[in-house]
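Q: Sequence and predicted model, in that order:
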Amino acid sequence: MTTPVRAAATQRAAAAPARRPAEGDAPRRLRVVPDGALSPRAQRRRARLLVGLVACVVVAGLFGAVFFHVLLTQGQLQLDRIQTRAAAEHARNERLRLEVAELQSPERIVAAAQQQLGMVPPASVTYLSPSGSRPAGPPATKPAARPSAAPAAKSPPATAPTSSGKTVAAPSRTTAAGQHAASPTPTSAPPATHR
């Protein structure tokens, strides 16, 4: 019995067309791999690392751009505050300059001298001549300047001739009316002797 069964099986096998091997059953071709070559799994891992690294660099670049933008905005705000403060200080400086100019005006000084110190303008001003000769007529007088006029130039100190012919400044004294007048007695110094 075994022989007829075997003979039937061989006949069936001969009658059936030749079967192709499945793709998974096909023998793999072998190739020579150079030294340092990576397997496909290692190549995929390396590609994933590269993509992750590029993503980290892009994210870090975005964070850096945002950080620098924030720094620039803060710097601009600080600059605006400083410019506003500088403009306010400039305006204050101009106000103070105007106030100083008003305080230095001759009209204000004369008014303060009259009101706070009780000073009055002189009725007349007498000018003395520095030369040794006396004027022939009465002393020349000039009416006093009005208080609203510009400040008068400083009058020269009163002088008187000495016995040696030199002119010496005489001390002035204040009269009851508040006027300055030259001392009537000239100061004389003895002539210096040289050997």
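A: Sure, I can see it.
Q: any idea which helix or strand carries Gly75?
A: In this assignment (DSSP states H and E), Gly75 forms part of helix 40-103.
Q: which helices and strands sit right next to that helix?
A: Using 3 or more C-beta pairs under 8 Å, 6 or more residues apart in numbering; DSSP states H and E as the contact criterion, helix 40-103 has no neighbours among helices and strands. Every C-beta, even on glycine, is put in place using the N, C-alpha and C of the backbone.
Q: Please pull up the helix or strand immediately following it.
A: That would be, after helix 40-103 and using DSSP H and E, helix 106-116.
Q: Next, the buried residues of whichever helix or strand comes after that next one.
A: Using DSSP H and E, the next helix or strand after helix 106-116 towards the C-terminus is strand 124-126. For strand 124-126, the neighbour count (16 or more other C-beta atoms under 10 Å) marks Val125 as buried.
Q: what do you get for stretch 101-118?
A: Those would be Val110, for stretch 101-118 by 16+ other C-beta under 10 Å.
Q: pLDDT of it, averaged?
A: The average pLDDT for stretch 101-118 rounds to 91.
Q: And stretch 49-62, by the same measure?
A: On average, stretch 49-62 scores 96.
Q: next one: stretch 76-92
A: 97.
Q: Can I get it in CSV, CA atoms only?
A: Extracted C-alpha coordinates of stretch 76-92, given in CSV (Å, rounded to 0.1, in the frame of the first residue of the first chain):
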residue,chain,number,x,y,z
GLN,A,76,14.2,101.9,23.8
LEU,A,77,11.9,102.4,26.7
GLN,A,78,14.8,103.5,28.9
LEU,A,79,16.0,105.8,26.1
ASP,A,80,12.6,107.4,25.9
ARG,A,81,12.5,107.9,29.6
ILE,A,82,16.0,109.5,29.5
GLN,A,83,15.0,111.8,26.6
THR,A,84,11.8,112.9,28.4
ARG,A,85,13.9,113.6,31.6
ALA,A,86,16.5,115.5,29.5
ALA,A,87,13.8,117.7,27.9
ALA,A,88,12.2,118.4,31.3
GLU,A,89,15.7,119.4,32.7
HIS,A,90,16.3,121.6,29.7
ALA,A,91,13.0,123.4,30.2
ARG,A,92,13.9,123.8,33.9
